[in-house]
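Chemist: structural data only, the sequence is not supplied:
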Ligand code: AMP
């Protein structure tokens, strides 16, 4: 891959990169379409990264559909699919990790302590291997996008990071490979995330700017469904992810909810001036 990237760069070709863990859905494909549009060569990686899963998490059961992913990649005009295995990225003796100081101390980082180190490490490695000019990440994983932007700035990667809007199912559920775990009975409960985000937006736009009040309403909506357990609900600053008490500027409403044993995340920017 590195050699191919070197040749492409020498030929003056612009490389776009979409890193993924596979099991493609429209969210992944939307990133590929952006990459396709922005560059001459589109590279996608498929790697279920063990470093970002905690010991109790779903690394072993994470859905995989390698052949189908390759077929979908072909259809989207992907030029190169980079599909390393674990020993190639983390050979025996591996010991170098990328840690961020502040961003991981919020939202998902609190319940998934190794997650952002795992993500930053693998993305740094993939950047060095794929050598892209631009890389596309989904806003569905908003905190991850901030972590990557920060890392690129702090470690001087010469790569433009593009954020892509959340792609949703027709009923509003944010697309995710983990939606595959949901049973038909759990689907209404899974939709409570989007429902509560919309309600929060309506409250903010109607002039209610007190975060405590909005978060209470969001909590009420989610817990009205069976089998739901809140990991976090937050109204936070778009850059630092620090909690915002009074919504006097656009803020991020972010949430993580377990429906049965499936952990779902979603987010929306709420703007008091709309
Ligand atoms: P994953 O395979 O889940 O690690 O995701 C790979 C990339 O796809 C990440 O940049 C995600 O943010 C992005 N992504 C996942 N789901 C969506 C979605 N519903 N809409 C937009 N981007 C997404």
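Modeler: Here it is on my side, so go on. All values reported here derive from a predicted model rather than from experimental measurement. Numbers count the residues shown, from 1 in each chain.
Chemist: mind naming the longest helix for this structure?
Modeler: helix 187-205 (DSSP state H).
Chemist: quick check: buried residues in that one?
Modeler: By neighbour count on 16 or more other Cβ atoms under 10 Å, the buried set for helix 187-205 is 189-197, 199-201, 203-204. C-beta here means a position set from N, CA and C on the backbone, and glycine is covered the same way.
Chemist: next, the angle helix 187-205 makes with the helix or strand following it.
Modeler: Using DSSP states H and E, the helix or strand that follows helix 187-205 in sequence is helix 211-223. Helix 211-223 and helix 187-205 meet at an angle of 160 degrees, taking axes from the mean of the first three to the mean of the last three Cα atoms, to 10 degrees as the criterion.
Chemist: against which helices or strands is helix 211-223 packed?
Modeler: helix 187-205, strand 228-236, strand 251-259 (3 or more Cβ pairs under 8 Å, 6 or more residues apart in numbering; DSSP states H and E).
Chemist: which other helices and strands contact the second one?
Modeler: Identification of packing neighbours for strand 228-236 by 3+ Cβ pairs under 8 Å, 6+ apart yields helix 107-111, helix 187-205, helix 211-223, strand 251-259.
Chemist: can you add distance to the ligand and give these back as a markdown table?
Modeler: Below are the helices and strands packed on strand 228-236 laid out as a markdown table (distance: least, Cβ to the nearest ligand atom, whole Å):
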| stretch | distance to the ligand |
| --- | --- |
| helix 107-111 | 12 |
| helix 187-205 | 11 |
| helix 211-223 | 19 |
| strand 251-259 | 13 |
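Chemist: packing partners for the one helix or strand residue 150 maps to?
Modeler: Taking DSSP H and E as the criterion, residue 150 maps to helix 142-154. The contact analysis (3+ Cβ pairs under 8 Å, 6+ apart) places helix 142-154 against helix 107-111, helix 115-130, strand 134-138, strand 160-164, strand 251-259.
Chemist: nearest to residue 12, of those?
Modeler: Each of the helices and strands packed on helix 142-154 has some distance to residue 12 by Cβ to Cβ; the shortest is strand 134-138, at 15.1 Å.
Chemist: re the thing from before, could you dump the helices and strands packed on helix 211-223 into CSV with distance to residue 136 and mean pLDDT added?
Modeler: Shown next, in CSV, are the helices and strands packed on helix 211-223 (distance: least, Cβ to Cβ, whole Å; pLDDT from 0 to 100):
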stretch, distance to residue 136, mean pLDDT
helix 187-205, 23, 98
strand 228-236, 24, 98
strand 251-259, 20, 98
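Chemist: and of the ones you listed, who's closest to residue 105?
Modeler: Comparing those by Cβ to Cβ, strand 228-236 comes nearest, at 11.8 Å.
Chemist: mind checking how far the closest one is from the chain centre?
Modeler: 16 Å (Cα atoms, centre = their mean, to the nearest Å).
Chemist: give me the angle between it and helix 142-154.
Modeler: Between strand 228-236 and helix 142-154, the angle comes out at 40 degrees (the same axes, to 10 degrees).
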